[in-house]
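K.L.:
mind looking at a prediction? Sequence and model below.
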Amino acid sequence: MDTGTLISKVNKYKHILENTLKYRESWHKNVKPLLTASLDEILKQSGLAKGEIIVRDNIANLEAVVFDLGRSSSGISENLDDSGVMRTMIKSNGSLIYQQLFNGKIMVMTVSPHIEGYGQPKPPTTLEILRPEEINQKIIIKHLETFFDEITEWEDYDDDEQRPNTIGFNPTGVISHPEEA
């Protein structure tokens with residue numbers, strides 16, 4: 001029987017299954033300890049008092065290590081009625097997540113800050129998916145830098161970065177930024 005390329009496809013499939021087992025083993029032996037130690041050291045060096053490292057290991061081979069900046073008062077309160085009763089809105093400060101996938105690879109995501117009861121939280125942003133051997137302290141620092149850029153931008157939100165860069169006639173005649181005058 002002529003199987004054509006079938007046997008090479010079967011062999012590739014078997015190789016991928018072997019990789020999944022190796023990646024899962026590497027998560028436990030290397031990646032999870034590296035992530036927890038590195039992220040914990042960053043928390044200590046940075047002085048982020050509300051930050052913590054959370055290991056989510058309740059589902060085998062779908063574990064996660066989370067660099068979580070916790071929750072705090074947003075400084076915003078809602079007046080519930082005429083009696084002056086106020087409800088403080090809580091702010092989730094954001095997190096960086098290393099999530100083990102079904103195939104043993106690791107998905108790296110950021111969760112932006114959000115204020116509960118004030119708009120909808122942004123869905124997590126996937127930074128990349130890595131094989132365990134690609135994770136090292138240098139890449140962890142890169143992910144943290146991206147995460148802190150994202151949450152700093154959220155905290156310092158304004159429309160300066162969002163104005164259009166157009167050249168030409170302005171039909172409204174309104175100058176929206178003094179530097180355009």
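P.N.:
Great, that's in hand. Quick caveat, the model's predicted, so the values are computed rather than measured.
K.L.:
mind listing the helices for the chain?
P.N.:
Ranges of helices within the chain are 6-26, 32-46, 137-155, based on DSSP state H.
K.L.:
of those, which approaches D82 most closely?
P.N.:
helix 137-155 (33.0 Å; Cβ to Cβ). All C-beta spots, glycine's among them, are computed from the backbone N, C-alpha and C.
K.L.:
residues contacting the spatially most central residue of the chain?
P.N.:
The residue lying closest to the centre of the chain (Cα atoms, centre = their mean) is T110, at 0.8 Å. By Cβ atoms under 8 Å, 6 or more residues apart in numbering, the contact set of T110 is G94, S95, L96, I97, P124, T125, L127, T146, F147, E150, I151.
K.L.:
what does stretch 21-36 contact?
P.N.:
By Cβ under 8 Å, 6+ apart, stretch 21-36 touches 53, 55, 61, 63, 65, 98, 100, 103-106, 131-133, 135-137, 140.
K.L.:
and it, average pLDDT?
P.N.:
Mean pLDDT, computed over stretch 21-36, is 98.
K.L.:
could you do stretch 127-144 as well?
P.N.:
Stretch 127-144 shows a mean pLDDT of 98 in the predicted model.
K.L.:
what's the first-to-last distance across that stretch?
P.N.:
One end of stretch 127-144 to the other measures 11 Å (Cα to Cα, to the nearest Å).
K.L.:
what are the buried residues along it?
P.N.:
L127, L130, P132, I135, I140, H143, L144 (16 or more other Cβ atoms under 10 Å).
K.L.:
do the same with stretch 68-87
P.N.:
Across stretch 68-87, burial judged by 16+ other Cβ under 10 Å covers D68, L69, S74.
K.L.:
what's the burial count for the closest residue to the second one other than its chain neighbours?
P.N.:
Pointing back at L69 there. Among residues not flanking L69 along the chain, N93 sits closest, at 3.6 Å (Cβ to Cβ, 6 or more residues apart in numbering). Counted with other Cβ atoms under 10 Å, residues neighbouring N93 total 20.
K.L.:
quick one on the thing from earlier: reformat the helices of the chain as CSV; add distance to V85.
P.N.:
Formatted as CSV, the helices of the chain follow (distance: least, Cβ to Cβ, whole Å):
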stretch, distance to V85
helix 6-26, 51
helix 32-46, 36
helix 137-155, 28
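K.L.:
where's E41 relative to K9, distance?
P.N.:
Note on E41: its distance to K9, by Cβ to Cβ, to the nearest Å, is 44 Å.
K.L.:
which residues touch the helix or strand of the chain with the lowest mean pLDDT?
P.N.:
Ranked by mean pLDDT, DSSP states H and E, the weakest helix or strand in the chain is strand 71-79, scoring a mean of 77. With Cβ under 8 Å, 6+ apart as the test, strand 71-79 has contacts from 50, 85-93, 115, 117-118.
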